[in-house]
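# I would like the atomic coordinates for the input below:
(chains A, B, C, D, E and F)
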Number of protein chains: 4
Amino acid sequence: MADQVEDLTGSCAKPQRRSIGAKRNPATEEAILGAAQEILRDKGVKGLSMEAVAKRARAGKATLYKWWPSRGALLVAVYERAKGEHVHEDKGTLIATMAAFYRYVFDFWRTAEGQVFALIIAEAQSDADVAEALERYRKERLVALAEVVDRSQARGELIEGAQAEALAETIMAAAWMRLITGRLDSDPERLAHEVLDGWMVGNR
Amino acid sequence: MADQVEDLTGSCAKPQRRSIGAKRNPATEEAILGAAQEILRDKGVKGLSMEAVAKRARAGKATLYKWWPSRGALLVAVYERAKGEHVHEDKGTLIATMAAFYRYVFDFWRTAEGQVFALIIAEAQSDADVAEALERYRKERLVALAEVVDRSQARGELIEGAQAEALAETIMAAAWMRLITGRLDSDPERLAHEVLDGWMVGNR
Amino acid sequence: MADQVEDLTGSCAKPQRRSIGAKRNPATEEAILGAAQEILRDKGVKGLSMEAVAKRARAGKATLYKWWPSRGALLVAVYERAKGEHVHEDKGTLIATMAAFYRYVFDFWRTAEGQVFALIIAEAQSDADVAEALERYRKERLVALAEVVDRSQARGELIEGAQAEALAETIMAAAWMRLITGRLDSDPERLAHEVLDGWMVGNR
Amino acid sequence: MADQVEDLTGSCAKPQRRSIGAKRNPATEEAILGAAQEILRDKGVKGLSMEAVAKRARAGKATLYKWWPSRGALLVAVYERAKGEHVHEDKGTLIATMAAFYRYVFDFWRTAEGQVFALIIAEAQSDADVAEALERYRKERLVALAEVVDRSQARGELIEGAQAEALAETIMAAAWMRLITGRLDSDPERLAHEVLDGWMVGNR
DNA sequence: TCATAAGCGAGACGGTACGTCCAGTCTTACG
DNA sequence: CGTAAGACTGGACGTACCGTCTCGCTTATGA
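Here you go, the predicted model:
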């Protein structure tokens, strides 16, 4: 006990955030999310407990639970902070654009921060709040994807029966499937073809 | 806590399985998997701890760990025991067959036992053994699905470029996507169309 | 976190008590009470938290709570273990005997272990179980004291109206009063006189 | 938690004391001590935390700590405020007077506010400031009691050897003993006799 | 036939993390 | 400067499971 205290004061002369009055301290939020990210990198997702995050961030557990009432909520926050806002750069054809998209997300999901997304999906299976957040996120991404498909459709790339949103979901599902079954090494190009070829006008 | 005590005294007046010598007691396995299933029904997936299963089954924890070395392994066993072996009955067209398949799995996944599958996916994200079991299961189901697609292809339903296995995976992905995002109320018929229409020969 | 583990394994190669089957391990009880005593000596009563005891004893908190369901219960156990069974040695007169008694308890209450008794009294004010244990203890000691008074009465030392038990309680109360008001440096001899003189036959 | 919210909305529609400039606001002190008393009545001594008092009084915690630097200090203040200043009314004989005294304090100690005194004794065992306050209080009451004994002695009720202050302490000790061992239902009359008979001149 | 090897129920054990509570310190914004 | 508000670190609380262990018992098998 005494040892630990000594260790702490001995090993790190951290600046020790304090309250900034009766309002949320952004530095604290920053420190906590940062700590979560560090732990992810160092220990992996299994090490990411509320306890560990609090300790690493030198934050009280109560503070964590105040702002992120569950592990799931924290996961979502960490993911939100880490994920770059991917914009679907138009590569000329839908297939190429989607291949680039697959390449991007697979690369990201392989990073320490990206792995959080798999965790979020996992957590969503038993935490309704996370499920809701995940669903929100899915819809948001769906819209972005559907837009790309829409543009492709406008260009006349797609067959008549194609519905942008339905196709967008099929595209997403293929990616998520690779994620949850640990096959992020799949070839993005090939995958794009496997998912989309049927819908392209060329292949009658 | 009180529940557990009641459960113990209520459900059994000490039938007390014992060892049947130096070999695995099938009654024990049965009791454990049965207990797991009961807990799933009564308390939901959150209540399914090794501890609780052992208590409910009146089994020693060591026995559990001997045969199912982790929660994940137990989950898989419970799922294996519960899932009926779905055979893809040919409905004439691929779309109809797949619609029936979607209807079947969505119905099953909504049952207490079926919910275990979502849990397995969740567990697979952090338990390599479960991931492996899941991957084995995926491949097995993929083969079964691909066969159906193959038959459809032989009938000339599908366009030229269609690859049975790739299409099968797309079909699966669509289902799993609905599962993990909690949309098992999706319309199977519609979904089958959304996934497959592009690949059918009719829609050039 | 990792640091702590390393520290623990590094600094002490303790024998690590294990379960000895489905029954209480006496070594564990010993280790826990011993740890409690050590903490008392090192950090004083304020440091005696369940947490600290568990840590020092290298015992799980659950183990502590299993056998001593509250801090109070642990305190009582520590006290029971530490207190010598004082036998009232007859010094010839009641006054002398009681003076010796006062000297003995005051000396004991000043030791680290003895200080626990004050804590028990404190805890008894808000923990019914401790209150009960304290009351049991009081009665037990009362009987022992009353016997001494009885013998004195039999010798004709006491005036007629004296009731052994009532007098015994007065004697105890005087001691406890000094304890809870932190005046254990009172002169035992003098105190014995102040409490008893009125009841002795000499002082008409 | 819910209770507190209800309390807040229930008891006050934001009367909201404010600073009255660079000096102590008596209304605040009043509100705080009042809140403490209310909590005592509603939740008992266990609910009396600085946090809860601040909430109920709609006072900042800083304000509490400014005027009462510890829980102990607050307890003492609450007790000081609640206890009536008992004046020992002369009942003719010392025994009768003391019986009345015992009856009075036992009755008081049984009230919600009176229970604080037991808490103060408890707190005094580990908080030096409270111990000091308690000791001050003890001495003050001792003087008052000794005066009564003195008057009795002057009337010739007591035997020669009796020392007013020593006897007063014995009288107090008997009362405190009943308090800390939860026997406030003791018969005051009887107790007075048990403590004092030996010292009265009648009983030679 | 009887030792021995395993299966089994039971549950204690050291641990980790949980989510809650409170202590005591601090800052802001208002008066 | 006093005050209400409440965020903050820190740490103990008591609980729930984890996975490992040992006990004492049972039964089948092979020496």
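# Residue A:158 and residue A:132, how far apart?
Applying Cβ to Cβ, to the nearest Å, the value for residue A:158 to residue A:132 is 32 Å. C-betas here are computed from N, CA, C, even on glycine.
# more neighbours, these two?
Higher neighbour count among residue A:158 and residue A:132: residue A:158, with 21 against 14, using other Cβ atoms under 10 Å in any protein chain shown.
# for chain A, which helix is longest?
helix A:128-154 (DSSP state H).
# just checking, what packs against that one?
Contacts defined by 3 or more Cβ pairs under 8 Å, 6 or more residues apart in numbering or on different chains; DSSP states H and E place helix A:128-154 against helix A:71-82, helix A:94-110, helix A:115-124, helix A:164-180.
# in the second one, what's buried?
Residues of helix A:94-110 classed as buried under the neighbour-count rule (16 or more other Cβ atoms under 10 Å in any protein chain shown) are A:94-95, A:97-102, A:104-106, A:108-109.
# How about stretch A:73-83?
Going by 16+ other Cβ under 10 Å, stretch A:73-83 has these buried residues: A:73, A:74, A:75, A:76, A:77, A:78, A:79, A:82, A:83.
# OK, contacts around the residue nearest to residue A:130 when sequence neighbours are not counted?
Counting by Cβ to Cβ, 6 or more residues apart in numbering or on different chains, residue A:72 is the residue found nearest to residue A:130 once chain neighbours are left out, at 3.4 Å. By Cβ atoms under 8 Å, 6 or more residues apart in numbering or on different chains, the contact set of residue A:72 is A:120, A:123, A:124, A:127, A:129, A:130, A:133.
# Got a PyMOL select line for the buried ones in the residues you listed?
The PyMOL selection below is limited to those of these classed as buried (16+ other Cβ under 10 Å):
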select buried, chain A and resi 120+123+124+127+130+133
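# ok, which pair from the contacts of residue A:72 is furthest apart?
A:120 and A:129 (11.0 Å; Cβ to Cβ).
# what does chain A put close to DNA strand E?
Contact residues, chain A versus DNA strand E (Cβ under 7 Å from any atom of the strand): A:18-23, A:47, A:49-52, A:60-62, A:65, A:69-71.
# Show me chain A divided up by domain.
Domain ranges of chain A: A:2-67, A:84-199, per automatic domain parsing.
# Quick check: end-to-end length of the last one?
The separation between the terminal residues of domain A:84-199, taken as Cα to Cα, to the nearest Å, is 29 Å.
# quick one: that domain near DNA strand F?
No - using Cβ under 7 Å from any atom of the strand, domain A:84-199 stays clear of DNA strand F, with a minimum separation of 12.8 Å.
# model confidence over that domain, on average?
Averaged across domain A:84-199, the pLDDT comes to 95.
# now stretch A:49-67
Here stretch A:49-67 scores 96 as its mean pLDDT.
# hang on, the earlier thing: and the domains of chain A: which comes nearest residue D:33?
Taking Cβ to Cβ, domain A:2-67 is the member of the domains of chain A nearest to residue D:33, at 24.2 Å.
# and that closest one, does that touch chain D?
No - using Cβ under 8 Å from any Cβ of the partner chain, domain A:2-67 stays clear of chain D, coming no nearer than 9.2 Å.
# That domain: how far from the chain's middle?
Distance of domain A:2-67 from the chain centroid (Cα atoms, centre = their mean, to the nearest Å) equals 22 Å.
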